[in-house]
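# coords please:
(one chain, ligands or ions: 1)
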Amino acid sequence: METILVLAHTENDGSLAKSAREALHAAATLHKSLAGSKFVVGLIGENVQAAANSIAACPATKYFGVTGADFSQLRYATDTAAAEAICKAAQATIVVAPATSRWARVLPGVAQRLGGRADTHVTGVAAADGKISINRWYYRQRMEGVSMRTQRPWFVGIDPGSQTACDCGAGAAAVEMVTVNLGDATKRTTVIGIREPKADAQTIRPDAQLMFVTGAGWTKKQADGQPHLPEAEKLILDFLKKSRASLGSSKSLVDLGGEGQAVLPFLSHMNQIGQTGATPRHAKGLSTCCHGEEPHTVGWRFIGERRAVNLDPNCGWARGKADVLYVADAFKVMAKVNELMAVQT
Ligand SMILES: Cc1cc2nc3c(=O)[nH]c(=O)nc-3n(C[C@H](O)[C@H](O)[C@H](O)COP(=O)(O)OP(=O)(O)OC[C@H]3O[C@@H](n4cnc5c(N)ncnc54)[C@H](O)[C@@H]3O)c2cc1C
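Residues are numbered from 1 along each chain as shown. Have a look, this model is predicted:
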């Protein structure tokens, strides 16, 4: 009989992130299709009661918690110790966890300690005829694979954004506390702060409906023989401000900055979409001044509806990579879009 454990960490404010609720949804669905399975939740954080209460209506029969100031910060040594203790207390055979940057580092280590196996970037978990399988993408999301394992415990890291978040309601959950004896060596690392861009400079928004992609064309000489960088910057930032879209970029555009050329200052390699960049998930995507080459568009694998604006009717988007291609000047199109959005707001 399988015991499915959802392992999550709380956020700084004691809540559960959407990615944790997505893992919960995947695990609860698996539990439903796996007759005789047990379903339990394990939470780690300074205080986990509020998080447990917030999902108390989920089908879990038991809640385990590791709490205390030592577990408030992301730190490999204490996180692995806590996760290991919960897995043992729950006698978990399948551990489903959100593949946050914190858990992605920790889970393979815990699997190693417990003689189990870990799979990363999982986008689906299912059971049929008592057998569990997972889905994940390979070769930069070009191929989808389905795999099974006999080894237990099996750690499954669910890619954030790949599932619907469980909307199970709140209540009162009884949390069984698990004690972890931490040696001094586990506390040698101290997180003294997190450096991140200011909120208004944060252009990567994984939860946005729309991904807006900028390509190197924004920096190229235009019909008048001149580049128009200040105008490009204003058009793009205006659109982002109004639409709250997430900002993506082609490799060529972000590389230009690294090569010391004039470029849009709010872009970094973090914005790059593609084979050597990110594979984000958004309902819609709009590409501007980007050619739509294969290494770029493999990063669009999980974008629902794709549109592109390019002056070139033979660009990559025209070859089946976009649902709609506007053969037009992106400077003019985005100026008009911003004008229309200003009227609407
Ligand atoms: C191993 C490898 C991995 C790679 N990985 C990635 C990756 O992860 N991500 C990635 O993006 N690339 C990647 N590349 C690079 C990729 O092949 C392309 O070189 C890159 O995506 C091109 O960027 P671009 O379309 O912005 O620039 P360009 O190819 O220079 O295209 C600019 C486009 O802008 C258009 N344009 C210009 N002015 C306007 C205007 N006013 N209105 C509308 N359109 C206009 C032009 O018609 C042109 O199509 C990789 C390459 C290799 C070899």
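# surely Ile94 meets Val156?
Yes. The pair Ile94 / Val156 is scored as a contact, 6.7 Å apart, by CB atoms under 8 Å. Just so you know, the C-beta spots here come from the backbone N, C-alpha and C atoms, and that holds for glycine as well.
# Give me the neighbour count for the closest residue to the ligand within the stretch 101-250 of the chain.
Taking CB to the nearest ligand atom, the ligand has its nearest neighbour within the stretch 101-250 of the chain at Gly217, 2.3 Å off. Gly217 has 23 neighbours, counted by other CB atoms under 10 Å.
# On the three-state scheme, it is what?
helix (DSSP: H, G, I helix; E, B strand; the rest coil).
# Next: the one 10 residues further on.
Of the three states, Pro227 takes coil according to three-state DSSP.
# And for the one 5 residues further on?
Judged by three-state DSSP, the three-state class of Ala232 is helix.
# Show me what the one helix or strand in the chain whose mean pLDDT sits lowest is in contact with.
The helix or strand of the chain with the lowest confidence, counting by mean pLDDT, DSSP states H and E, is helix 251-258 at a mean of 89. Residues outside helix 251-258 that contact it (CB atoms under 8 Å, 6 or more residues apart in numbering): 214-216, 218-219, 262-265, 267-269, 271-272, 274, 276-277, 290, 295-296.
# Is it in proximity to the ligand?
Yes. Residues of helix 251-258 contacting the ligand under CB under 6 Å from any ligand atom: Lys251, Ser252, Leu253.
# top of those residues by neighbour count?
Result: Leu253 is most packed of those (other CB under 10 Å), 23 neighbours.
# Just give the closest residue to that residue, not the sequence neighbours.
Ala216 (4.6 Å; CB to CB, 6 or more residues apart in numbering).
# quick one: which helix or strand includes Ala97?
Assigning secondary structure by DSSP states H and E places Ala97 in strand 94-98.
# Contacts made by the next helix or strand after that strand with the rest, please.
Following strand 94-98 in sequence order, the next helix or strand is helix 101-113 (DSSP H and E). Contact with helix 101-113 is made by 7, 9, 74, 76, 79-80, 83-84, 87, 95, 97, 116-118, 120, 153, 155, 157, as judged by CB under 8 Å, 6+ apart.
# and helix 101-113 with strand 94-98, angle?
Put simply, helix 101-113 runs at 160 degrees to strand 94-98, going by axes from the mean of the first three to the mean of the last three CA atoms, to 10 degrees.
# May I see the buried residues of helix 101-113?
Of the residues in helix 101-113, Arg102, Trp103, Ala104, Val106, Leu107, Pro108, Gly109, Val110, Ala111 count as buried by neighbour count, 16 or more other CB atoms under 10 Å.
# go on, stretch 232-241?
For stretch 232-241, the neighbour count (16+ other CB under 10 Å) marks Ala232, Leu235, Ile236, Leu237, Asp238, Phe239, Leu240 as buried.
# pLDDT of it, averaged?
On average, the pLDDT along stretch 232-241 is 95.
# List of residues touching it?
203, 212, 214, 218-219, 245, 247, 264-266, 331, 334-335, 337-338, 341.
# ok, back up a step: which of the contacts of helix 251-258 fall in strands?
Among the contacts of helix 251-258, the members falling in strands (DSSP state E) are Thr214.
# Just the buried ones among the contacts of helix 251-258, please.
Neighbour-count burial (16+ other CB under 10 Å) applied to the contacts of helix 251-258 gives 214-216, 218-219, 263-264, 267, 271-272, 274, 277, 290, 296.
# tell me the contacts of the residue nearest to Leu253?
By CB under 8 Å, 6+ apart, Ala216 lies in contact with Ser250, Ser252, Leu253, Leu256, Cys289, Cys290.
# And for Gly169?
Contacts of Gly169 (CB under 8 Å, 6+ apart): Ala56, Ala57.
# change it to 6 Å
Gly169 makes contacts with Ala57, as judged by CB atoms under 6 Å, 6 or more residues apart in numbering.
# again, but for the one 5 residues further on
Contacts for Ala174 (CB under 6 Å, 6+ apart) come out as none.
# Regarding the closest residue to Asp70 other than its chain neighbours, what is its secondary structure?
In space, and not counting its chain neighbours, Asp70 is closest to Thr78: 5.3 Å by CB to CB, 6+ apart. Recorded secondary structure, Thr78: helix (three-state DSSP).
# where does the chain have low pLDDT?
199-200, 260, 262, 345 (pLDDT under 70).
# Residue nearest the middle of it, spatially speaking?
The residue lying closest to the centre of the chain (CA atoms, centre = their mean) is Pro160, at 3.8 Å.
# show me where the stretch 101-250 of the chain has strands.
For the stretch 101-250 of the chain, strands defined by DSSP state E, counting those that start in this stretch occupy the ranges 117-128, 131-138, 143-147, 154-158, 175-177, 210-214, 246-249.
# how about those strands in TSV, adding distance to Val327?
As requested, the strands of the stretch 101-250 of the chain are exported to TSV (distance: least, CB to CB, whole Å):
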stretch	distance to Val327
strand 117-128	34
strand 131-138	31
strand 143-147	32
strand 154-158	40
strand 175-177	59
strand 210-214	17
strand 246-249	21
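# Residues of the stretch 101-250 of the chain that sit close to the ligand?
Counting by CB under 6 Å from any ligand atom, the positions of the stretch 101-250 of the chain adjacent to the ligand are Gly215, Ala216, Gly217, Lys220, Gln222, Ser250.
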